[in-house]
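Participant: 3D model of this:
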Amino acid sequence: MRLVVRRRELHPPGAEQRRVEISVRVPTDLDVVEETVDLVARHCLASGVTPRVARFIVRVALCEALANAIQYGNRLDPEKNVDVRVQVDDDALQVFVHDEGEGFDPTQIPNPTDPDRVNLEQGRGLFLIRQLMDEVRFNARGNSICMIMRRT
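Facilitator: Numbers count the residues shown, from 1 in each chain. Next comes the predicted model:
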């Protein structure tokens, strides 16, 4: 695992804004998910993210996205990695998870709360992410997720 933390001051017109970027390259191994989530959550907390957000929302959303990327995206291929990048600034917390897999169509994942699907596992992680974050986006290929929580 490789961690990079950058702290920069951005100077948009009329304002000064802080941004912290956290980047982690994660091997395709489900055993490192918890360690990665702990590491990112600690850096988010140190960057001014509220304890509730850092200890619960970031942890759950990142854990689900990272586990999905490792298991379904990279298909547990140890030759592949998952890149995690977190941007913390005055307006938002953005979490990006990118795997080396073929991708998927997120619109094709069924709602796990439908009565005929509640006992099935497929789609629960994505459902949780969408409930916890203010915005969730995928790239066109479907192998990269951007989860946004606005800081108001």
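Participant: Just checking, which helix or strand succeeds the longest strand seen in the chain along the chain?
Facilitator: When the chain is parsed with DSSP state E, its longest strand is strand 17-27. Later in the chain than strand 17-27, the nearest helix or strand by DSSP states H and E is helix 33-46.
Participant: Buried ones in that following helix, by neighbour count?
Facilitator: Residues 33, 36, 37, 39, 40, 41, 43, 44, 45 are the ones in helix 33-46 that count as buried (16 or more other Cβ atoms under 10 Å). In this view, the C-beta of every residue, glycine as well, is placed from N, C-alpha and C.
Participant: Pipe those into JSON lines and attach pLDDT and distance to residue 120 per row.
Facilitator: Listed next are the buried residues of helix 33-46 as JSON lines, based on pLDDT from 0 to 100; distance: Cβ to Cβ, whole Å:
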{"residue": "33", "pLDDT": "96", "distance to residue 120": "22"}
{"residue": "36", "pLDDT": "95", "distance to residue 120": "27"}
{"residue": "37", "pLDDT": "96", "distance to residue 120": "25"}
{"residue": "39", "pLDDT": "93", "distance to residue 120": "32"}
{"residue": "40", "pLDDT": "93", "distance to residue 120": "29"}
{"residue": "41", "pLDDT": "93", "distance to residue 120": "29"}
{"residue": "43", "pLDDT": "89", "distance to residue 120": "35"}
{"residue": "44", "pLDDT": "90", "distance to residue 120": "32"}
{"residue": "45", "pLDDT": "88", "distance to residue 120": "35"}
